[in-house]
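Asker: please find the sequence and the predicted model below.
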Amino acid sequence: MKIVFYLLSLFLLSCNCNDALQEKGKLELKEASGIEYIHETGKLWVLEDSGNKNSLYSIDENGKTEKKLKITNAKNKDWEDLTSDKEGNIYIGDFGNNDNDRKDLAIYRIDKEELEKKEAKSSYKVSFYYPEQNEFPPKRSKMLFDVEAFFELNGNFYLFTKNRSAKFDGTFFVYKVPNKEGEHAAQRIAELNSCKVYSKCAITAADISSDGKTVVLLSSDKVWLITDFENDNFKQENMTQYPLGHMSQKEGICFKDKYTLYIVDEKDSKAGGYLYEVGMERLLKSE
């Protein structure tokens, strides 16, 4: 798989398919898995996934690490994405579930005041489970319980699954979990479809614009925008696909503002490990 990502990356870069994606700088982190922009402070935060430290990293707009923040009471089992609320508190999604066998899925809240310290503590933990899952792991045809993408909106988290089933068909689900301490049953609220090729269509990150009107989803070489939704009624007809013209193991996306997105990818052989910027105007022209 790593070789495939690398060869496809070289091809797409050489074909110059479109210029929606602009390289900002090389990351000092090898496995950036999530990114979030805090509007209140103008800070970019990233994390790394399983096998890495229990830390968040503040980076500048060139990808350079400005600060390492150790989280002292939360273990990085498989941290996959970051989000924040309107007050500037940040949330760590510890819900990576490649084998679909986890029973300890969690989201950790880090209060905004903690982000200013040298070490931080999570103020509370949101645990959740999928009522539809009865086997750990399920059959290969029903590997539908991995998540690498979420955001917070109006007191709820919205999680977008990464379909790891055999005979991948692009189907993924949207789950809703209340932003409250304790254990909750995740509510499945939508079934959507990306596209048919796993390496290009599996959902790896998500974010929502600060005005709550646009959702963005990420894969290795494209993004989808979901618009014109009411409350959390996400529909297939409101989801539009946009190519990035660049193939890599993209793992994190966030809005800087309504005109700009940031993307990070993992370092893989000689490819990846960068912070990118995507202008929404260029993105919309690439449709």
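Answerer: Sure thing, it's come through. Residues are numbered from 1 along each chain as shown.

Asker: and the most centrally placed residue in the chain, bridged to which residues?
Answerer: For the chain, A205 is the residue whose C-alpha lies nearest the centre (Cα atoms, centre = their mean; 2.3 Å). Beta bridges link A205 to L218 when assigned by DSSP bridges.

Asker: and if you look at V147?
Answerer: Beta-bridge partners, per DSSP bridges, of V147: T161.

Asker: isn't it up against F95?
Answerer: Yes. Here V147 reaches F95: they are 4.5 Å apart, a contact under Cβ atoms under 8 Å. Glycine gets a C-beta too; all of them are placed from N, C-alpha and C.

Asker: in stretch 122-135, which residues are buried?
Answerer: By 16 or more other Cβ atoms under 10 Å, the buried positions in stretch 122-135 come out as 122, 125-126, 128-130, 133.

Asker: narrow those to those in strands?
Answerer: Assigned to strands by DSSP state E, the following of the buried residues of stretch 122-135 qualify: 125-126, 128-129.

Asker: tell me which of those residues is nearest to I107?
Answerer: When those are compared for distance to I107 (Cβ to Cβ), V126 comes out closest, at 4.2 Å.

Asker: beta partners for the closest one?
Answerer: Assigned bridge partners for V126, using DSSP bridges, are I107, G182.

Asker: could I get the pLDDT score of it?
Answerer: V126 carries a pLDDT value of 98.

Asker: from D146, how far off is it?
Answerer: Distance from V126 to D146, counting by Cβ to Cβ, to the nearest Å: 18 Å.

Asker: same question for E23.
Answerer: Applying Cβ to Cβ to E23 and D146 gives a distance of 29 Å.

Asker: okay, those two: which has more neighbours?
Answerer: D146 (22 against 11; other Cβ atoms under 10 Å).

Asker: give me every residue that touches that one.
Answerer: 96-98, 100, 161-164 (Cβ atoms under 8 Å, 6 or more residues apart in numbering).

Asker: now swap in S141 and tell me
Answerer: 165-167.

Asker: can you confirm it is in a strand?
Answerer: No. Looking at S141 with DSSP: H, G, I helix; E, B strand; the rest coil, it is helix, so not inside a strand.

Asker: tell me how far it lies from Q187.
Answerer: Counting by Cβ to Cβ - S141 and Q187 are separated by 23 Å.

Asker: could you do S194 as well?
Answerer: Taking Cβ to Cβ, one finds S194 at 21 Å from Q187.
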